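Undergrad: Next come a sequence and a model predicted from it.
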Amino acid sequence: MPENNRIYATGKRKTAVARVWISPGSGKISVNARGANDYFVRETNQMIMRQSLELLELVDQYDVQATVAGGGHSAQAEAMRHGIARALCLADPERRASLKRAGFLTRDARKKERKKYGQPGARKRFQYSKR
């Protein structure tokens with residue numbers, strides 16, 4: 001493990017970026033210097049964020065400290081899941097297979113498509129008038 005037993009990894013989803021540090025501990029998770037349950041109000045986001053730890057049954061063995069920015073809360077929770085999974089792989093490479101099988105190491109690259117000129121949206125066209 002690197003200096004002071006912290007492992008760093010970056011997780012991404014849409015435009016959300018999560019910088020994640022994990023260290024051996026009791027299972028405390030802090031997001032932007034707040035408790036994870038205070039930051040992610042919806043239970044589904046809390047569950048998504050913890051999925052990679054729960055898969056490997058390491059919830060009470062690592063402390064997680066994260067800084068998230070961009071996107072919405074759902075994308076930030078998925079970015080955290082991605083970052084935690086990457087950090088767990090760095091801590092022990094043998095965990096990679098199970099995390100990969102669950103799909104937590106795959107960066108979901110789907111972003112909002114940009115609006116094109118001469119159109120009201122990304123794909124929508126202005127109404128055509130023949131006469």
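TA: Cool, got the structure. Owing to the predicted nature of the structure, the values given are computational and were not obtained by experimental measurement.
Undergrad: Sketch out the low-pLDDT regions of this protein for me.
TA: 1-3 (pLDDT under 70).
Undergrad: List the buried residues in stretch 34-42.
TA: 36, 39, 40 (16 or more other Cβ atoms under 10 Å). (Each C-beta comes from the backbone N, C-alpha and C, glycine too.)
Undergrad: what do you get for stretch 82-100?
TA: 82, 83, 84, 85, 86, 87, 88, 89, 91, 95, 99.
Undergrad: what two of the residues you listed have the greatest distance between them?
TA: Greatest spatial distance among the buried residues of stretch 82-100 (Cβ to Cβ): 82 and 91, at 15.3 Å.
Undergrad: The buried residues of stretch 34-42 in helices, which ones?
TA: 36, 39 (DSSP state H).
Undergrad: of the buried residues of stretch 34-42, closest to residue 57?
TA: Ranked by distance to residue 57 (Cβ to Cβ), the buried residues of stretch 34-42 are led by residue 36 at 18.1 Å.
Undergrad: residue contacts, the closest one?
TA: Residue 36 makes contacts with 29, 30, 46, 49, 64, as judged by Cβ atoms under 8 Å, 6 or more residues apart in numbering.
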